[in-house]
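Novice: need a 3D model of the following:
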Amino acid sequence: MSDDLSTLEAWAGTLLAQLQPGQRRVVTRRIAQDLRRSQAQRITSQQAPDGAPYAARKQRKNLRGKKGRIKRQKAAMFEKIRTLKNLKIEQDENQLSVGFFGRVARIARVHQEGLTDKVAKKGPNYHYPARPLLGFSVSDQALIRESLLRHFDVDVAT
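Specialist: The predicted model follows:
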């Protein structure tokens, strides 16, 4: 996988080096937006970059539930973290990054790597299973290639 990524990086680097800095910024912005959209869709479908489903949440113990109430449906994991407010793009004319920045980055890192963290501010520690939020899949690499070729008006029939 990393070998494919370095090959893509070398190929894209030679194409981007032919562009003026202003054009390069436009192209990288478009690629970053496409990548952010694809990562958010993958997080919505609760899948890791390799296509494996996320580990299920731990069941909560509802010892004393209230009678006569309609139970709320389970909310999907990472519902707010995948929004444009949290999943951000940083770029200049030479590089782009799609990821979590600031306070949200700590929460994302705990889930990405499967670390131990506090459940609440003064709550107990819990070891979260690894749920990779960000990563390059084969479809993401194809998306980058297609975005670059679309900018150069090359037929994307591969």
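Novice: can we go C-alpha only for contacts and neighbour counts from here?
Specialist: Will do.
Novice: where do the helices sit along the chain?
Specialist: Ranges of helices within the chain are 2-17, 21-44, 103-113, 138-151, based on DSSP state H.
Novice: closest to residue 128 out of those?
Specialist: Nearest to residue 128 among the helices of the chain is helix 103-113 (6.3 Å), distances taken as C-alpha to C-alpha.
Novice: work out the gap between the helix or strand bottoming out on mean pLDDT in the chain and the centre of the chain.
Specialist: Here the helix or strand of the chain ranked lowest by mean pLDDT, DSSP states H and E is helix 2-17, holding a mean of 81. How far helix 2-17 lies from its chain's middle: 20 Å, per C-alpha atoms, centre = their mean, to the nearest Å.
Novice: angle of that helix against helix 21-44?
Specialist: Helix 2-17 runs at 150 degrees relative to helix 21-44, counting by axes from the mean of the first three to the mean of the last three C-alpha atoms, to 10 degrees.
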